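Trainee: coordinates only, sequence not included:
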């Protein structure tokens with residue numbers, strides 16, 4: 001598995017565009033007898049997936065992620081370190097929701113894999129998984145958690161630099177009023193200034209912005225403005 005990590009480091013160093021990076025990840029997965037890869041950034045309001053897995057599975061699995069029923073993502077959030085997983089229970093009985101997830105995954109030939117999560121901004125995580133049709137995946141050597149985290153961290157940064165097109169991206173929208181108010185904030189105006197400019201009550205602006213933040217689980221208006229700018233809405 002440490003050779004897999006070394007391969008990841010090489011990709012981050014040589015990938016120079018969207019197509020090269022995706023092709024390199026697919027080749028790396030195939031070289032180590034995985035059926036595919038899945039890289040997910042799980043940041044509220046700014047989540048995306050880059051993967052070569054079946055599109056129908058990506059849509060289905062993301063729905064399970066949002067419902068917090070994906071056992072792999074739950075474990076990634078808890079452990080924050082590389083681990084090998086399998087849909088075949090080793091001891092005891094799987095929780096029903098985990099069994100449902102693995103049964104759905106098995107329909108697409110996903111039965112085991114290796115997952116490497118890293119912490120990113122705002123308490124969120126970025127997760128890279130390589131998946132396999134094998135019932136149980138065994139590693140020939142131990143995973144170096146520091147090297148694995150470093151490799152995924154560099155990959156995450158490289159994806160951002162290259163502006164890689166996601167396979168799936170969390171929808172993001174603002175109503176006309178929310179967009180107008182957020183644009184004034186981006187120009188340095190306060191909520192009170194915005195209310196004066198738009199000739200509405202202070203609470204009208206405050207409540208509209210609060211609703212937009214709540215919809216995407218954002219902490220403050222600064223995050224809202226930054227997200228709106230990244231998505232090209234203002």
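Mentor: That came in fine, so what should we check first? Everything quoted here is computed from the prediction, not taken from an experiment.
Trainee: Apart from its neighbours in sequence, what residue is nearest residue 81?
Mentor: Closest residue to residue 81 apart from its sequence neighbours, by Cβ to Cβ, 6 or more residues apart in numbering: residue 145 at 4.6 Å. Backbone N, C-alpha and C define where each C-beta goes, glycine included.
Trainee: Quick check, that neighbour in contact with residue 82.
Mentor: Yes: with contact defined as Cβ atoms under 8 Å, residue 145 counts as touching residue 82 (5.3 Å).
Trainee: Who has more neighbours out of those two?
Mentor: Shown here are residue 145 and residue 82; by other Cβ atoms under 10 Å, residue 82 has more neighbours (25 against 15).
Trainee: contacting residues around residue 17?
Mentor: Residue 17 makes contact with residue 162 under the criterion Cβ atoms under 8 Å, 6 or more residues apart in numbering.
Trainee: next helix or strand past the strand or helix carrying residue 29?
Mentor: Per DSSP states H and E: residue 29 is located in helix 18-31. Later in the chain than helix 18-31, the nearest helix or strand by DSSP H and E is strand 36-42.
Trainee: about what we covered before: gap between the residue nearest to residue 81 and residue 73?
Mentor: Taking Cβ to Cβ, to the nearest Å as the measure, residue 145 falls 18 Å from residue 73.
Trainee: and if you look at residue 42?
Mentor: Distance check for residue 42 against residue 73: by Cβ to Cβ, it reads 7 Å.
Trainee: Low-confidence bits of this protein, can you list those?
Mentor: The chain contains residues with pLDDT under 70 at 64-68, 89-93, 139-141.
Trainee: What residues sit buried inside the lengthiest helix in it?
Mentor: Using DSSP state H to define each element, the chain has its longest helix at helix 145-162. The neighbour-count check on helix 145-162 (16 or more other Cβ atoms under 10 Å) flags 147, 148, 149, 150, 151, 152, 153, 154, 155, 156, 158, 159 as buried.
Trainee: these two touch, right, the first one and residue 7?
Mentor: Read it as residue 147. No: contact criterion Cβ under 8 Å: residue 147 and residue 7 do not qualify, at 11.7 Å.
Trainee: Tell me which stretches of the chain form helices.
Mentor: Remark: helices assigned in the chain by DSSP H are 2-14, 18-31, 55-66, 71-79, 96-106, 145-162, 176-186, 191-198, 202-215, 221-230.
Trainee: Pull out the buried positions in the shortest one.
Mentor: Read that as helix 191-198. So helix 191-198, judged by 16+ other Cβ under 10 Å, has buried residues 191, 194, 195.
Trainee: residues in contact with the nearest residue in space to the first one that is not next to it in sequence?
Mentor: Read that as residue 191. Closest residue to residue 191 apart from its sequence neighbours, by Cβ to Cβ, 6+ apart: residue 205 at 5.2 Å. Contact partners of residue 205, counting by Cβ under 8 Å, 6+ apart, are 181, 191, 194, 195, 198.
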